[in-house]
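Engineer: Got a sequence here, can you build the structure:
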Amino acid sequence: MTTRLFIDRAAEFIAVILSLAYTYMYLKGMVPSAFIPAFLGSGIFVVLCWTRKIYAESFLQLFYVGMAIYGYFQTDSEWRVEHWGFMENLPYLALGIFGVAGTGFALQRFTDAERPYLDAFTTVFSLIATWLMVNFIHENWLYWIIIDAVAIFLYYQRQLYFGAALFVIYLVMAIDGYWEQITIF
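Structural biologist: From the prediction side, this is the model:
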């Protein structure tokens, strides 16, 4: 194993642990402190995704860094989760579909991205799901269930095995978060 590969694997492992810590802390209602490991883990993934040519995902991780800062400072002791129906989610779904089409086209045309539309899908819908999550909209978990399933394939295919494993765990956590009563974590 080369030194570069060893450093990348170690950084990926640390980013995974920090990302899991964030999601676990969020599920347990430990906000705003949950946003600290989110900030650190996402910062590491920015670099890793960029070097593996997952450009939209790299941008997404940079967005997560910003959302971690936003979440940390906007959360107070009186935060509460809201539930939305289909009609409240419809504009976000439409925005996501158009965003995937435009971003996927741009990635395909202007970059050497390996899977431009899958990269665009996970990125665009993760932006939406993150916004819903930091604003405590319960249905963010439905978005994450689908995103995580696609991300497992994307990360595995790019040989980011710790990242793929992270998304397997995220998938279970998202199911747990949506159903609330399961409390696996």
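Engineer: and A120, how many neighbours does it have?
Structural biologist: Residues contacting A120 under the criterion other Cβ atoms under 10 Å number 25. C-beta coordinates here come from the backbone N, C-alpha and C atoms, glycine included.
Engineer: So, low pLDDT: which residues of this protein?
Structural biologist: Low-confidence segments of the chain, defined by pLDDT under 70: 77, 181-185.
Engineer: And the residue nearest the centre of the chain, which helix or strand is it part of?
Structural biologist: For the chain, the residue sitting closest to the mean C-alpha position, by Cα atoms, centre = their mean, is S126 at 5.4 Å. When elements are defined using DSSP states H and E, S126 is found to belong to helix 116-134.
Engineer: would you put the C-alpha positions of the following helix or strand past that helix in PDB?
Structural biologist: Following helix 116-134 in sequence order, the next helix or strand is helix 140-157 (DSSP H and E). This file holds the C-alpha atoms of helix 140-157, laid out as PDB (Å, rounded to 0.1, in the frame of the first residue of the first chain):
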ATOM      1  CA  ASN A 140     -35.900  14.500   5.700                       C
ATOM      2  CA  TRP A 141     -35.400  10.800   6.600                       C
ATOM      3  CA  LEU A 142     -37.400   9.600   3.500                       C
ATOM      4  CA  TYR A 143     -35.000  11.600   1.300                       C
ATOM      5  CA  TRP A 144     -32.000  10.100   3.100                       C
ATOM      6  CA  ILE A 145     -33.300   6.500   2.700                       C
ATOM      7  CA  ILE A 146     -33.200   6.900  -1.100                       C
ATOM      8  CA  ILE A 147     -30.100   9.000  -1.200                       C
ATOM      9  CA  ASP A 148     -28.100   6.600   1.000                       C
ATOM     10  CA  ALA A 149     -29.100   3.600  -1.100                       C
ATOM     11  CA  VAL A 150     -27.700   5.300  -4.300                       C
ATOM     12  CA  ALA A 151     -24.600   6.600  -2.500                       C
ATOM     13  CA  ILE A 152     -23.700   3.100  -1.400                       C
ATOM     14  CA  PHE A 153     -23.300   2.100  -5.000                       C
ATOM     15  CA  LEU A 154     -21.600   5.400  -6.000                       C
ATOM     16  CA  TYR A 155     -18.900   5.200  -3.200                       C
ATOM     17  CA  TYR A 156     -18.300   1.500  -3.700                       C
ATOM     18  CA  GLN A 157     -17.900   1.900  -7.400                       C
END
